[in-house]
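**Q** test case, fold it:
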Amino acid sequence: MIPFIVLVVILAVVAFYFVGIYNKLIALRNLYLNAYTQIDIQLKRRYDLIPNLVEAAKGYLAHERGTLEAVIKARNTAFDASKAAAASPGNATAMSGLNQAEGALSGLLSKLIAVVESYPDLKANKTISDLMEELTSTENKISFARQAYNDAVTTYNTSREQFPDNVISSTFNFKTAALLEAVEKAEERSVPKVSFT
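**A** As a prediction, this is how the structure comes out:
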């Protein structure tokens with residue numbers, strides 16, 4: 001009778017141990033899903049600011065209509081990509097699509113900001129100035145939210161790959177989550193050339 005009780009206790013301990021691993025993986029997955037929600041909130045805020053900025057700049061930049069339309073088109077593409085990513089945070093295809101769309105939007109926003117900077121009257125406009133400040137603040141919040149998301153994804157992925165967690169993660173189909181890479185311009189990755197001549 002004692003060997004049977006010992007066996008039952010050992011099986012119960014092992015079962016509780018694996019249940020603990022399963023629950024930890026669930027908690028880590030929920031953590032990165034929540035972290036993505038924070039990115040999504042800031043992206044939506046950014047997407048709401050962009051049409052206001054374009055509309056405020058229209059009167060001053062009638063001859064820059066192509067730039068304004070390109071910004072709105074890129075904003076709409078990025079908005080659609082963010083909806084796909086929000087439906088499946090961590091999915092490599094959705095994250096890649098969001099990265100590409102955000103890269104295109106960031107490039108066009110940089111161009112729009114450069115145009116705004118070149119017009120002193122436009123730059124001095126209170127509405128434009130306030131919108132630019134809001135946009136800058138939102139960009140910073142997106143960067144912080146992206147970092148928190150990537151940290152949560154890294155913790156989750158590391159846990160699901162380590163033994164014995166990998167046994168549970170493969171058994172219960174805990175998939176690898178994709179990072180959300182920082183949107184960078186190609187020239188930011190290249191090494192600057194220095195010349196003293």
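
**Q** Thr127 contacts Ala57, doesn't it?
**A** No - Thr127 is not in contact with Ala57 according to CB atoms under 8 Å; the separation is 9.3 Å. Just so you know, the C-beta spots here come from the backbone N, C-alpha and C atoms, and that holds for glycine as well.

**Q** so for the two, which sits in the more crowded spot?
**A** Ala57 (24 against 12; other CB atoms under 10 Å).

**Q** mind checking which helix or strand the more buried one is in?
**A** helix 2-58 (DSSP states H and E).

**Q** now Lys58. Nearest residue, chain neighbours left out?
**A** Leu68 (6.4 Å; CB to CB, 6 or more residues apart in numbering).

**Q** can you classify that neighbour by secondary structure?
**A** Using DSSP: H, G, I helix; E, B strand; the rest coil, the structure places Leu68 in helix.

**Q** can you get me a residue count around it?
**A** 19.

**Q** what's the answer for Glu133, then?
**A** Neighbour number of Glu133 under other CB under 10 Å is 10.

**Q** now Ser88
**A** A count of neighbours around Ser88, defined by other CB under 10 Å, yields 13.

**Q** so what's Arg65 up against?
**A** Neighbour list for Arg65: empty [criterion: CB atoms under 8 Å, 6 or more residues apart in numbering].

**Q** and Ile10, how far is that from Glu117?
**A** 70 Å (CB to CB, to the nearest Å).

**Q** same thing with Thr37?
**A** Applying CB to CB to Thr37 and Glu117 gives a distance of 33 Å.

**Q** got it, and Ser169?
**A** 49 Å.

**Q** which one's more surrounded, the two?
**A** Using other CB under 10 Å as the criterion, Ser169 and Glu117 rank with Ser169 on top: 22 against 11.

**Q** packing partners for the helix holding Ala57?
**A** helix 65-87, helix 92-117, helix 126-161, helix 165-171 (3 or more CB pairs under 8 Å, 6 or more residues apart in numbering; DSSP states H and E).

**Q** what's the angle from that helix to helix 126-161?
**A** Compare the direction of helix 2-58 with that of helix 126-161 by axes from the mean of the first three to the mean of the last three CA atoms, to 10 degrees and you get 160 degrees.

**Q** pLDDT averaged over helix 2-58 - what is it?
**A** Summarised as a single mean, pLDDT over helix 2-58 is 93.

**Q** repeat that for stretch 177-194.
**A** 61.

**Q** kindly report the same for stretch 66-80.
**A** Mean predicted confidence for stretch 66-80 is 93.

**Q** what are the buried residues along it?
**A** Neighbour counts over stretch 66-80 (16 or more other CB atoms under 10 Å) mark Thr67, Leu68, Ala70, Val71, Ala74, Arg75, Thr77, Ala78, Phe79 as buried.
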